[in-house]
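In: fold the following and give me the result.
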Amino acid sequence: MMRFLFIAVLAASAVLAAGGQPQAAGERPPRISAKDVPPSNAAELAAEESAEKRFQQVADQAHAAMKKTREAGGDWRGASRLLMQAAAAAQAEDFDEAIGLAQRARAEAEAGYRAATARKQGLPQTKGAAAP
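Out: Presented below is the predicted three-dimensional model:
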């Protein structure tokens, strides 16, 4: 008897938690689509998604540049630190900062690659542009 009462109370609380309307078996709650979002929010969501995609592209480019640098026998420690900071900024949804840090990480890794190839060829290492 107590078990039945417990199950009845549990079922009633589940119905109340679902908004007071019992759902039929197998019925799903309505889905929210982009059409249901007001226009200003839809534009903000689209901009945020594109910023997130842009960050991911730049981060992938930075990872590729770092891999290329390591394969050439060089390493630019600042690039990995910058990329970790970029990931933290992206986690906090500050994509402008994250993109900037990822771009700096890519530039640092590319500079490391240039330095590693110059070292292998016995050329003097220069900062910035290649030697004439």
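In: list the buried residues for stretch 62-71?
Out: Within stretch 62-71, the residues that count as buried by 16 or more other CB atoms under 10 Å are 62-63, 65-66, 69. All C-beta spots, glycine's among them, are computed from the backbone N, C-alpha and C.
In: out of those, which comes closest to Phe95?
Out: Distance to Phe95, by CB to CB, is smallest for Ala62 among the buried residues of stretch 62-71, at 14.8 Å.
In: now the element after the strand or helix carrying that closest one, going C-ward?
Out: Ala62 is part of helix 39-71 when elements are defined by DSSP states H and E. Proceeding N to C from helix 39-71, the next assigned helix or strand is helix 77-91, under DSSP H and E.
In: identify the residues contacting that following helix?
Out: 52, 55, 59, 62-63, 65-66, 69, 95, 97-102, 104-106, 108-109, 112 (CB atoms under 8 Å, 6 or more residues apart in numbering).
In: pLDDT averaged over the next helix or strand after it, what's the number?
Out: Later in the chain than helix 77-91, the nearest helix or strand by DSSP H and E is helix 95-121. Average pLDDT, helix 95-121: 89.
In: one more: stretch 59-70?
Out: 91.
In: from Gln57, how far off is Arg70?
Out: Here the criterion is CB to CB, to the nearest Å. By it, Arg70 lies 21 Å from Gln57.
In: list buried residues within the contacts of helix 77-91.
Out: 55, 59, 62-63, 65-66, 69, 95, 97-102, 104-106, 108-109, 112.
In: quick one: the buried residues of stretch 62-71 as TSV, columns for distance to Ala118 too.
Out: Converted to TSV, those look like this (distance: CB to CB, whole Å):
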residue	distance to Ala118
Ala62	21
His63	23
Ala65	16
Met66	18
Thr69	12
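In: show me which of those residues is closest to Gly122.
Out: Thr69 (18.6 Å).
In: does that closest one touch Ala105 like I think?
Out: No - shown here, Thr69 and Ala105 do not form a contact pair, counting by CB atoms under 8 Å, at 11.0 Å.
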